[in-house]
Structure formats: structure tokens, C-alpha cells
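>>> just coords:
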């Protein structure tokens, strides 16, 4: 019995094979082709979506978009590797109809269309929303760090700049001492080659010090606390592997099928005050009503939770319990002339972080009670001579419930009278949070290989993340609906 033998490579075929026969009906390349063909490239904002009237013909943006979506679904992101796949990969050859664009054309398409790629991601989210793949009830918000195209040596903070300048000063001092000792030892007036070399080193150190001082002046003038040279938009952040220069990618994930609803690329180091914007964007793109928004304790911000409440959603933050006051449709704050000790209360002015008591006196923030998480406001001089008792407290005329990190920060911009809203932690939903929102990050970083970014700049990074999350959502939709059903939905 012999082994199975392949066909002779030099054998001519009278009827050549059809390229479409190599791609079966269940192949994901057919879904990519069907989806991209259904897009209106000019409405999405792609450059050169209409061919030029003169000059050399160019590649259609749809073909390059198909190539990138296929590449991100199969861990191929480099433009050179994508060019190589267009020559040898049968799926890519079928997808591009034997087109072989060079790596510069491929790379230029991704660099020039970051906003359009974000629009494609949102378009697919709306498509899946219409197919019922989003539950629109529970949204989990979380962030993850993606390594930027910038090393730690090319990133400078205030402390790092001060330390580098101090080290340079010590080196310059050592070299100057060495030159003085050499001058004393030598009796002739001519400089030795070693002295000339040392002077050149001192000059280079002085230039380096001058450059660091310019960085320090730039930090003092602006609001930023660090400078990145290779990718100015990236920032030094804490990751599970230590400190690294990254972007903070925020996502909002629906609980039904763990599909990403919306994302945002930020250089903010912490996650605070980012839950409300993500909830608002997710509600807009899904055209959904009130939802439950869950996040971890990194989003434990009173002002952020208050904004989610005002938008009509139910916020759930791990470890957070709050009490808020919001306006009712009743009459606004009573005037001082109509003072009634039974109904009068102090009014809070967030822009100044002070209370105005019913007698018109200003109450300033004075203390914070850690056991009750209460900020206390008082005016000792005014309260001592006041005949009215606004509160039962002997020393404090006004209080408001906030977290320790939010002391002296505004979150309530509503006049009195108010209604109180209590927000409690739902442990069941908090336990579901990891299963919902950590799943996409793990799949994108491990399965798709997108743990670091290839492009520089926040906007271009957003375009690259759009391709990664689009590939993730597309794989999820194919897994849930199937290839044929999804193609039929795209045709409809």
C-alpha cells in the first residue's frame, strides 16, 4: 500500500479550477465580503472613496478594509505581513480578487482613516442591535491599558526630570574636578587630548540639562504632569506588569452576548469620571432607555455616579453606596423673608463649594467625618449669634454625604427643595461584571494579539482599536448567528 500522492505540479489542466471553489460557504471571508460590500464608504468618511478622473487608478477602500478586517480577525496586523498574505493566502486572494497592494498603500489606508474606521465599528453595532444581539438592559464599563508606541526612557515626569538634572549636575561637577586636577598637574599651556574629550562630554551634558529644563518649563506652563516624546498623546500608567507608557481604553459591554457597544481611547491614568460618558454614548448608539450601568471601584466617584443617575440609568459601583439630592417639581428655595424653621434648609452652590443658610450666611467646608463619609460646613461666628436652629448639630449647620476622595468637590448643581435618592451596591450584578466586561479584553489581547498599538497618536490609536473591536464583534456575531444567517441578514 502506497502513500497518498498529490498531483503533478507540471501537469496542465484543460479546465482550470474556479477560485470560488476553494472558499466554502461557511468561511468567515464571505461574511467580511458581504458586510463591506453593503457599506457606503463616502458616508462613513473614507478618503478617496470616489475614483480620480485622471492619473493612475487606485485601490478601492472597500478592498483595503476587507484586508484589514481579515487581518485583525487572524492576528495579522502588520502592513508588510498583510502584503505577504495577499500573495499566498487563498482566503485573501479570494477576498481581494487577486489584488496585491503594496505595504505602503495598506499602511497609508489605516493611518488616513481613523474616524471612518470608528464609524464602521458603530455601524456594525447598530446592525447587531437591529438583529437583537444586544439586550440593552445591563451595561458593564471597564478600562484596560494598551501599550503605546513609546518607551519609558522617552517619557518624562516632573520627578524624573528633577532626578535626571540632579544626576547630570553631579556628573558635570565630577568632570570639572577632574579638569582642575589635570590643570594643576600639567605645567604646559597646551591642552591634552583627554582634556578636550572631557570638555566635549561636559558640553553634551549641559545641552542635555538644558533640554530637560525646557521640558520642566513646559510642564509648569500646562496642565499635564508628564511628557512623551515619541507619542505625545501617550502617558505613563500602572499596569499589572508595572509601569509602562500606555493608552487607557474604555469599553461599554452589553451583558446579553458580551459584545462591545462603545469604546473610547484616553490618556487619563485613572478611570474616575469616565463611567457617565461611556453610559451616555452606549445609550445613544443603542437608542436604549434606562439601563443598569455597573463598574468596578476604580469608578468610585460621586460626581460620576450622580451624572449617571441624572441621565435616568441605575449605577452600580463595586464597594460604593451613595445618597443624592435632586430637584423636584415643587417650589424652589424659600426666601429669607419667609423663613420658617420647620421647612427652611441651606442651599448648596457647587461652583463655590459653599452653603447659604436661610439667614443668608455663608457656610464653608470645615471637616470630613470618615465614619459617616459626610462633609460638614459651618460658620461659627454667624451661628453663635443666630437665634434660629437649622440643624440639631451643635457645631455644624450643613452636611452632605460624599466619598473621601471627593471632599470639597462639586457634584450637585440643583437648588432646593430636593428629593433624596439612595444608591446601594448590588452584589449580584457586581459579581457578573467580570464575566461581562473582562471577556472582550481577554479575547482581543490574547486571541487577536492586540496587546500593543502600532500607530502613534490618540486618534490613530482609536482607528486601530476600532478594527480590533470590530473583528471581535464580528467573530461573536458569526458564532451566535452562523455564517449563512448573518449573510442573509446583511443582504436584507
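That came through, no problem. The model shown is predicted, which means the values in this text are computed figures rather than measured ones.

>>> shouldn't residue 198 be in contact with residue 174?
No - using C-beta atoms under 8 Å as the test, residue 198 is too far from residue 174 to be in contact (10.0 Å). (Glycine included, C-beta is placed from N, CA and C.)

>>> count of neighbours near residue 170?
Neighbour count of residue 170, defined by other C-beta atoms under 10 Å: 10.

>>> name the element it belongs to?
Secondary structure from DSSP states H and E places residue 170 in helix 158-185.

>>> Can you point out the buried residues in that helix?
By neighbour count on 16 or more other C-beta atoms under 10 Å, the buried set for helix 158-185 is 160-161, 164-165, 168, 172, 179.

>>> Tell me how far that helix lies from the chain's centre.
42 Å (C-alpha atoms, centre = their mean, to the nearest Å).

>>> could you point out which element follows it?
Proceeding N to C from helix 158-185, the next assigned helix or strand is helix 193-221, under DSSP H and E.

>>> what comes up buried for that following helix?
Going by neighbour count (16+ other C-beta under 10 Å), the buried part of helix 193-221 is 198, 202, 205, 209, 212, 215-216, 219.

>>> Near residue 458, how many other residues are there?
Residue 458 has 17 nearby residues by other C-beta under 10 Å.

>>> Surely it touches residue 233?
Yes - with contacts counted by C-beta under 8 Å, residue 458 reaches residue 233, the gap being 4.0 Å.

>>> SS state for the closest residue in space to residue 491 that isn't next to it in sequence?
What sits nearest to residue 491 in space, not counting adjacent residues and going by C-beta to C-beta, 6 or more residues apart in numbering, is residue 34, at 7.0 Å. Here residue 34 is recorded as helix under DSSP: H, G, I helix; E, B strand; the rest coil.

>>> What's the separation between residue 34 and residue 129?
Distance of residue 34 to residue 129, computed by C-beta to C-beta, to the nearest Å: 18 Å.

>>> do residue 492 as well
On the measure of C-beta to C-beta, residue 492 and residue 129 end up 15 Å apart.

>>> of those two, who's got more company?
Neighbour totals were compared for residue 492 and residue 129, and residue 129 leads with 18 against 6 (other C-beta under 10 Å).

>>> Give me the distance between the helix or strand harbouring that one and the centre of its chain.
Secondary structure assigned from DSSP H and E places residue 129 in helix 114-130. From the chain centre to the centre of helix 114-130 is a distance of 17 Å (C-alpha atoms, centre = their mean).

>>> Spit out the residues that contact residue 458 and residue 233 alike.
Taking C-beta atoms under 8 Å, 6 or more residues apart in numbering as the criterion, residue 458 and residue 233 both touch 247, 267.

>>> so the residue nearest to residue 491 touches residue 488, yeah?
No - Residue 34 lies out of contact with residue 488 (C-beta under 8 Å); the separation is 9.2 Å.

>>> Look at those two and report which has more neighbours.
Counted by other C-beta under 10 Å, residue 34 and residue 488 do not tie: residue 34 has more neighbours, with 16 against 12.

>>> ok, now which ones touch that one?
So residue 34 contacts 486-487, 490-491 (C-beta under 8 Å, 6+ apart).

>>> hmm, which of those residues are the buried ones?
Buried members of those, counted by 16+ other C-beta under 10 Å: 486-487, 490.

>>> just checking, next helix/strand downstream of the longest strand along the chain?
Ranked by residue count under DSSP state E, the longest strand found in the chain is strand 242-254. Counting by DSSP H and E, the next helix or strand C-terminal to strand 242-254 is strand 260-266.

>>> How confident was the prediction at the residue nearest to residue 491?
With respect to pLDDT, residue 34 scores 95.

>>> Likewise for residue 30?
Residue 30 is given a pLDDT of 95.

>>> Enumerate the positions of the helix or strand that contains it that are buried.
Assigning secondary structure by DSSP H and E places residue 30 in helix 28-37. For helix 28-37, burial by neighbour count (16+ other C-beta under 10 Å) applies to 28-36.

>>> still on that earlier bit, as a markdown table, the buried residues of helix 158-185 with distance to residue 82 would be great.
Formatted as a markdown table, the buried residues of helix 158-185 follow (distance: C-beta to C-beta, whole Å):
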| residue | distance to residue 82 |
| --- | --- |
| 160 | 38 |
| 161 | 40 |
| 164 | 40 |
| 165 | 45 |
| 168 | 44 |
| 172 | 50 |
| 179 | 56 |
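
>>> Now do the buried residues in stretch 48-62.
In stretch 48-62, counting by 16+ other C-beta under 10 Å, buried: 49, 59-61.

>>> Among the residues you listed, name the ones in helices.
If you go by DSSP state H, those have residue 61 in helices.

>>> Which pair in the buried residues of stretch 48-62 has the greatest spatial separation?
49 and 59 (11.7 Å; C-beta to C-beta).

>>> Which pair of the contacts of residue 34 spans the longest distance?
Farthest-apart pair in the contacts of residue 34 is 486 and 491; separation 9.8 Å (C-beta to C-beta).

>>> May I have the residues that are in contact with residue 258?
Counted by C-beta under 8 Å, 6+ apart, residue 258 has contacts 435-436, 439-440, 476.

>>> quick one: residue 93 from residue 22, how far?
Per C-beta to C-beta, residue 93 is found 8 Å from residue 22.

>>> So which of these two has more stuff around it?
Remark: of residue 93 and residue 22, residue 93 carries more neighbours, 18 against 12, as counted by other C-beta under 10 Å.

>>> tell me which strands and helices the strand or helix carrying that one is in contact with?
Assigned by DSSP H and E, residue 93 belongs to helix 90-96. Under the contact definition 3 or more C-beta pairs under 8 Å, 6 or more residues apart in numbering; DSSP states H and E, helix 90-96 sits against helix 28-37, helix 61-73, helix 79-88.

>>> Identify whichever of those helices lies nearest to residue 297.
Nearest to residue 297, of the helices and strands packed on helix 90-96 and by C-beta to C-beta, is helix 61-73 at 32.1 Å.

>>> how about the closest one: buried residues?
Buried residues in helix 61-73, counted by 16+ other C-beta under 10 Å: 61, 63-73.

>>> Adding distance to residue 106, write the residues you listed out as JSON lines.
Compiled in JSON lines, those are given as follows (distance: C-beta to C-beta, whole Å):
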{"residue": "61", "distance to residue 106": "12"}
{"residue": "63", "distance to residue 106": "10"}
{"residue": "64", "distance to residue 106": "6"}
{"residue": "65", "distance to residue 106": "11"}
{"residue": "66", "distance to residue 106": "12"}
{"residue": "67", "distance to residue 106": "7"}
{"residue": "68", "distance to residue 106": "8"}
{"residue": "69", "distance to residue 106": "13"}
{"residue": "70", "distance to residue 106": "12"}
{"residue": "71", "distance to residue 106": "9"}
{"residue": "72", "distance to residue 106": "13"}
{"residue": "73", "distance to residue 106": "16"}
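
>>> for the residues you listed, which one is nearest residue 246?
residue 72 (19.6 Å).
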